[in-house]
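In: whatever this is, show me its structure:
(2 chains)
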2 protein chains.
Amino acid sequence: MKLLITGGAGFLGARLARTLLSRGTLAGHRLDKVVLADRVAPPADLVADPRVEARVDALLAQAAALGHEGYDGVFHLASAVSAECEADFDLGLRSNLDSTRALLDGFRLAGRAPRLVFSSSIAVYGPDPAVPLPAIVTDITLAAPQTSYGTHKLICEHLIADYTRKGYIDGRAARLMTVTVRPGRPNGAASSFFSGIIREPLAGIESICPVAPDVSHPVASPARTIEGLIAVYEADRSAFNGRTAMNLPGLNVTVGEMLAALEAVAGKAARARVRFERDERIAEIVAGWPGGARAPRAARLGLEPDASFADIVRQYIDDCRQQPNADQTLKGLQP
Amino acid sequence: MKLLITGGAGFLGARLARTLLSRGTLAGHRLDKVVLADRVAPPADLVADPRVEARVDALLAQAAALGHEGYDGVFHLASAVSAECEADFDLGLRSNLDSTRALLDGFRLAGRAPRLVFSSSIAVYGPDPAVPLPAIVTDITLAAPQTSYGTHKLICEHLIADYTRKGYIDGRAARLMTVTVRPGRPNGAASSFFSGIIREPLAGIESICPVAPDVSHPVASPARTIEGLIAVYEADRSAFNGRTAMNLPGLNVTVGEMLAALEAVAGKAARARVRFERDERIAEIVAGWPGGARAPRAARLGLEPDASFADIVRQYIDDCRQQPNADQTLKGLQP
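Out: Residues are numbered from 1 along each chain as shown, chains lettered A, B, ... in the order given. Sure thing, here's the model as predicted:
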């Protein structure tokens, strides 16, 4: 089979590609070709795989052409992140709405109806004064996004549902919880600190937490997130029971509990590198997000949250140890 | 003030224009100019008003230019209807999504932040197997549209909410119930028969009802609908309590009750002109719509449903009597 991953050079896209290439199959079909479409080139290990092809360009510029390349399956992960969309309205519209629309129309016009998984987000929920957000959101909580990013994700979910209803694609939307711990540097996402307060201390660097320790949030490890995306791809259409958007499982955890897990796994010195300094802009966005989530439909696909935040920290440490720069990324870890 | 009405030559747009021109003010401001944008020219009585200007072109072609014409207020009513969108996917995308987006971006780039009322629809609701549609929908019922038309309306609601949040417009979305009795000929809307089974018998013409008599639906008269659109325009921002989309009130009535009201107002002979002949395509679309609605937020703006369906029939008859062709449109009315 021929698979397209948009955002395929990004953190999740590249990890998904590695996982799938290592499995060799998806939904019972052998992966013959995996095309990674992104603004930047994919990591070298992926480019070295003979099954991988890179398409380096803005998605909007290449979406129509991609539609006609005969894909059997698609993971559409490319997206501008929340703080980027708040800072640059046009960028958000272009990257998150227009690109998705162009991609969907490309598939519609090509007429092959590929299976497509869209990475939506828990950011579709928001605090609507008329409809208080429940402490724990589920698949049937009324979506009322309070950011452009969440708005675009929700709009794309509905486009995908309608294109699917018409038979132009076999689309599914997986609402990702906040993925943590992300490697690398902070990105423009308002949720970036959820990774930063673990990643930076482990690297021996000070980190600032912009929200209070009692802020609760549903998170998922990269491995569980990738597992969820693949399960949503492989699920039978009937598993969606009429809805194409499905919440992935999240571990509901407070910032304080995250830091306690950091201390338990990595020691007091690591924990001491985090200090609290409120950032109004970030705190306001995060205040609009749910404090927790439950995902009974995902559970029926066998998907469960990470067992503990300590597990998530250990997963990050294990990931780092497999990279050549582990001496830097784990500099702050007590031996 | 300078007001734009898109779809201004249509049934609701022209009626809204007449109502407003007759009042002379909107939200306390004198109406100096009313621009009617539509694919077709507005009715002659409107063109004759010195305050009226027509902009005859597809909305998509003129949306960007309209954005820069310095409107203080906008009623955005232009839309392809449900059956049209089901029959022609591209038409629906272009007329209902792309046109709205172009209009919103026109206002955003012009930087005047006009007040804007968008005519959304009860079609944003649909029967999602995972979330059974309640017998009576309200403002906080989870929207799960099952038609392209409903999908586009919901998407536009969310775009308008986000453009409003960013201060680019002062947007509000009024979810219209099914407007009946519409004059003229059947249109492409799946809901067209809700008017046809009253209008045609009154004109002495046979009419076919494509759904069963026990099908229930929330309807509103043209006058109540116009009243609702104006009230939503004139409402203080705070009345929306954070949500920009508001259900207008509907009278919950079955097809059987509608026909009983027809008989009560217009006589047995009129009722006898309606026969039931199921149309699967229409029945399937209508089965996806709510059987009833409640609108407590609209009630707080002083908006109530029509008192009875007989009142709605009488309103239609009174409207016809004010037209020169009443001898034709009311040919079937017993004297």
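
In: check the most centrally placed residue in chain A and give its pLDDT.
Out: Nearest to the geometric centre of chain A sits A:L176, at 5.1 Å (C-alpha atoms, centre = their mean). On pLDDT, A:L176 comes in at 97.

In: cool, and the one 10 residues further on?
Out: A:P186 is assigned a pLDDT of 84 by the prediction.

In: before we move on, what about the one 5 residues further on?
Out: A:S191 is assigned a predicted lDDT (pLDDT) of 88.

In: distance from stretch A:210-218 to the middle of the chain?
Out: Taking C-alpha atoms, centre = their mean, to the nearest Å, one finds stretch A:210-218 lying 19 Å from the centre of the chain it belongs to.

In: same deal with stretch A:223-233?
Out: Offset of stretch A:223-233 from its chain centre (C-alpha atoms, centre = their mean): 10 Å.

In: spell out which residues of chain A are next to chain B.
Out: When proximity is defined as C-beta under 8 Å from any C-beta of the partner chain, chain A approaches chain B at A:89, A:108, A:127-131, A:139-146, A:148, A:151, A:154-155, A:158-159, A:161-162, A:165-166, A:240-243, A:297. Just so you know, the C-beta spots here come from the backbone N, C-alpha and C atoms, and that holds for glycine as well.

In: in chain A, where's the longest helix?
Out: Identified as the longest helix of chain A according to DSSP state H is helix A:148-165.

In: close enough to count as contact, A:L66 and A:A37?
Out: Yes - A:L66 is within contact range of A:A37, at 6.2 Å (criterion: C-beta atoms under 8 Å).

In: who's more crowded, these two?
Out: A:A37 (29 against 22; other C-beta atoms under 10 Å in any protein chain shown).

In: does the more buried one belong to a helix, a strand or coil?
Out: strand (DSSP: H, G, I helix; E, B strand; the rest coil).

In: show the contacting residues for A:T180.
Out: A:191, A:194-195, A:198, A:219-221, A:312 (C-beta atoms under 8 Å, 6 or more residues apart in numbering or on different chains).

In: please flag which of those sit within strands.
Out: Assigned to strands by DSSP state E, the following of those qualify: A:219-220.

In: if we only consider the contacts of A:T180, which is nearest to chain B?
Out: Distances from chain B to the contacts of A:T180, taken as C-beta to the nearest C-beta, are shortest for A:S191 (18.9 Å).

In: count the residues that sit near the residue in the stretch 201-335 of chain A positioned nearest to chain B.
Out: The stretch 201-335 of chain A approaches chain B most closely through A:G242 (3.6 Å), counting by C-beta to the nearest C-beta. For A:G242, the neighbour count with other C-beta under 10 Å is 16.

In: try A:S148
Out: 27.

In: distance of it relative to B:G242?
Out: The gap separating A:S148 from B:G242 is 17 Å, by C-beta to C-beta, to the nearest Å.

In: try A:L248
Out: Taking C-beta to C-beta as the measure, A:L248 and B:G242 are separated by 27 Å.

In: can you list residues touching both of A:L66 and A:A37?
Out: In contact with both A:L66 and A:A37: A:4, A:6, A:55, using C-beta under 8 Å, 6+ apart.

In: looking at the stretch 1-150 of chain A, what residue ends up closest to chain B?
Out: Residue nearest to chain B within the stretch 1-150 of chain A (C-beta to the nearest C-beta): A:P129, separated by 3.6 Å.

In: list the contacts of the nearest residue to A:G204 once chain neighbours are set aside.
Out: Nearest in space to A:G204, with sequence neighbours left out and distances taken as C-beta to C-beta, 6 or more residues apart in numbering or on different chains, is A:G332 at 3.4 Å. Listed by C-beta under 8 Å, 6+ apart, the contact partners of A:G332 are A:201-205, A:266, A:269-270, A:273.

In: if we use 7 Å, what do you get?
Out: Applying C-beta atoms under 7 Å, 6 or more residues apart in numbering or on different chains to A:G332 gives the contacts A:201-204, A:269-270, A:273.

In: next: A:R175.
Out: If a contact means C-beta under 7 Å, 6+ apart, then A:R175 has A:120-122, A:124, A:245-248 as its contacts.

In: from A:C156, how far out is it?
Out: A:R175 sits 11 Å away from A:C156, going by C-beta to C-beta.

In: give me the common contacts of the two.
Out: Residues touching both A:R175 and A:C156 (C-beta under 7 Å, 6+ apart): A:S120.

In: walk me through the domains of chain A.
Out: As assigned by automatic domain parsing, chain A contains the domains A:2-179+A:220-247, A:190-218+A:251-291+A:307-329.

In: which of the contacts of A:R175 are buried?
Out: Buried residues within the contacts of A:R175, counting neighbours by 16 or more other C-beta atoms under 10 Å in any protein chain shown: A:120-122, A:124, A:245-248.

In: A:T19: which element?
Out: Using DSSP states H and E, A:T19 sits within helix A:11-23.

In: other SSEs contacting that helix?
Out: With contacts defined as 3 or more C-beta pairs under 7 Å, 6 or more residues apart in numbering or on different chains; DSSP states H and E, the packing partners of helix A:11-23 are strand A:2-6, strand A:33-38, helix A:44-47, helix A:222-234.

In: which ones are touching A:L104?
Out: Going by C-beta under 7 Å, 6+ apart, A:L104 touches A:159-160, A:163, A:169.

In: so who does the closest residue to A:L59 other than its chain neighbours touch?
Out: Leaving aside its sequence neighbours, A:L59 sits nearest to A:S99 (C-beta to C-beta, 6+ apart; 4.1 Å). A:S99 sits next to A:59-60, A:63, A:78 when contact means C-beta under 7 Å, 6+ apart.

In: please enumerate the helices of the stretch 51-200 of chain A.
Out: With DSSP state H, counting those that start in this stretch as the criterion, the stretch 51-200 of chain A has helices at A:59-67, A:82-87, A:89-92, A:99-110, A:148-165, A:193-202.

In: oops, could you answer that again for the stretch 201-335 of chain A instead?
Out: For the stretch 201-335 of chain A, applying DSSP H, counting those that start in this stretch gives helices covering A:222-234, A:255-266, A:268-272, A:280-287, A:296-300, A:309-321, A:326-329.

In: could you give the angle of the first one to strand A:2-6?
Out: Looking back up the chat, that one is helix A:222-234. Angle, helix A:222-234 to strand A:2-6, by axes from the mean of the first three to the mean of the last three C-alpha atoms, to 10 degrees: 130 degrees.

In: now do helix A:222-234 and helix A:309-321, the angle between them.
Out: 90 degrees.

In: what's helix A:222-234 packed up against?
Out: Checking 3+ C-beta pairs under 7 Å, 6+ apart, helix A:222-234 ends up next to helix A:11-23, strand A:115-121, strand A:170-176.

In: after the longest one, which helix or strand is next?
Out: The helix or strand immediately downstream of helix A:11-23 is strand A:25-26, counting by DSSP H and E.

In: my read: A:G106 touches A:A64, true?
Out: Yes - with contact defined as C-beta atoms under 7 Å, A:G106 reaches A:A64; the gap is 4.7 Å.

In: need the buried ones among the contacts of A:R175 in CSV with pLDDT, can you?
Out: Listed next are those as CSV, based on pLDDT from 0 to 100:
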residue, pLDDT
A:S120, 97
A:S121, 95
A:I122, 92
A:V124, 93
A:A245, 90
A:M246, 94
A:N247, 96
A:L248, 97
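
In: return the distance of stretch A:104-121 from the chain's centre.
Out: 18 Å.

In: okay, buried residues for it please.
Out: For stretch A:104-121, the neighbour count (16+ other C-beta under 10 Å) marks A:104-108, A:110, A:113-121 as buried.

In: can you check stretch A:210-220 too?
Out: Quick answer for stretch A:210-220 (16+ other C-beta under 10 Å): A:210-211, A:215-220.

In: and what of stretch A:20-29?
Out: In terms of neighbour count (16+ other C-beta under 10 Å), stretch A:20-29 has its buried residues at A:20-21, A:26.

In: got it, and stretch A:178-192?
Out: Neighbour-count burial for stretch A:178-192 [16+ other C-beta under 10 Å]: A:178-183, A:187, A:189-192.
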